[in-house]
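Novice: this one's sequence-less:
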Ligand code: FPP
């Protein structure tokens, strides 16, 4: 058992890694409820797990990882919860700003609509993207105010504005956010749905589900998902 854990802790432990991993961070509310805490406490614990898991993705050498942090539908949540989430994004970015080593060698990028997000947060997002642009490790995409349908609709509108009368798959791929095809999507908390996440990029994604709630998700859970991914026989429809 010790040998097995040791092997997983080595960067080269996986014969194949997803080039692009997507993670739906779900279960924060239930985690908080189980402890009679406000939902914001669940999100706070979830934000710490995000820090741990993004660092591990970097250590393992995963090229791209996208975390679903706030969907276009999440605005419907109580203002208090929305504010708590925005503050967590801000805290993370302020922390990264004061000490760029917090981001390691990761490149931070955002996908989603800018409209609706405060100017203060937008400035920090832009700054984090700029400051980490030369980093050569994992690209960590944070999907904030993101919706897969909205992404496709705005891509099509952009193409129409450019005078396109009909569009090809390649046109859409080129016009959406510059996120590569997603190889593996991890969703904890027992839910087995995509929830408008990376709709276009997930056409041939593998899925990995677990009952563990996101604030309880560990590096070992990530390793389990990656071990499972290694065994998948991907045929891409062929
Ligand atoms: C869904 O779980 C989760 C969210 C809507 C927010 C996810 C955001 C974080 C974990 C914070 C990320 C922070 C940074 C700095 C990137 P839920 O609250 O809907 O859970 P439930 O289904 O149990 O109610």
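Specialist: Everything's here; your move. Computed from a predicted structure; not experimentally measured.
Novice: residues in contact with stretch 214-226?
Specialist: With CB atoms under 8 Å, 6 or more residues apart in numbering as the test, stretch 214-226 has contacts from 8, 13-14, 17-18, 25-28, 31, 42, 45-46, 48-49, 52-53, 56-57, 60, 184, 186, 188-189, 208, 210, 212. Any C-beta I mention is one placed from the backbone N, CA and C, and that applies to glycine too.
Novice: check the residues you listed one by one and keep those near the ligand.
Specialist: Filtering those for neighbours of the ligand using CB under 6 Å from any ligand atom leaves 25, 26, 27, 28, 46, 189.
Novice: shouldn't the first one be in contact with residue 70?
Specialist: No. Residue 25 is not in contact with residue 70 according to CB atoms under 8 Å; the separation is 10.0 Å.
Novice: work out which residue lies at the spatial centre of the protein.
Specialist: With distances taken as CA atoms, centre = their mean, the chain has residue 67 as the residue nearest its mean C-alpha position (1.1 Å).
Novice: now it: closest residue in space that isn't a chain neighbour?
Specialist: Spatial nearest neighbour of residue 67, excluding adjacent residues (CB to CB, 6 or more residues apart in numbering): residue 23 at 5.2 Å.
Novice: host element of residue 180?
Specialist: Residue 180 is part of no helix or strand when elements are defined by DSSP states H and E.
Novice: show the pLDDT at it.
Specialist: Residue 180 carries a pLDDT score of 89 in this model.
Novice: state the number of residues packed around it.
Specialist: Here the number of neighbours of residue 180 (other CB atoms under 10 Å) works out to 14.
Novice: repeat for residue 51
Specialist: Using other CB under 10 Å, residue 51 has 13 neighbouring residues.
Novice: beyond the helix or strand hosting it, next helix or strand please.
Specialist: Following DSSP H and E, one finds residue 51 within helix 39-60. Using DSSP H and E, the helix or strand that directly follows helix 39-60 along the chain is strand 64-71.
Novice: tell me what that following strand is packed against?
Specialist: With contacts defined as 3 or more CB pairs under 8 Å, 6 or more residues apart in numbering; DSSP states H and E, the packing partners of strand 64-71 are strand 20-24, helix 39-60, helix 79-98, strand 139-146.
Novice: how much space between the closest residue to residue 175 other than its chain neighbours and residue 177?
Specialist: Counting by CB to CB, 6+ apart, residue 175 lies nearest to residue 155, which is 3.7 Å off, once chain neighbours are set aside. For residue 155, the distance to residue 177 equals 9 Å [CB to CB, to the nearest Å].
Novice: cool, and residue 222?
Specialist: In terms of CB to CB, residue 222 sits 24 Å off from residue 177.
Novice: burial count for the residue in the chain that the ligand sits nearest to?
Specialist: At 2.3 Å from the ligand, residue 29 is the closest residue in the chain, using CB to the nearest ligand atom. Residue 29 has 20 neighbours, counted by other CB under 10 Å.
Novice: good, wrapping up.
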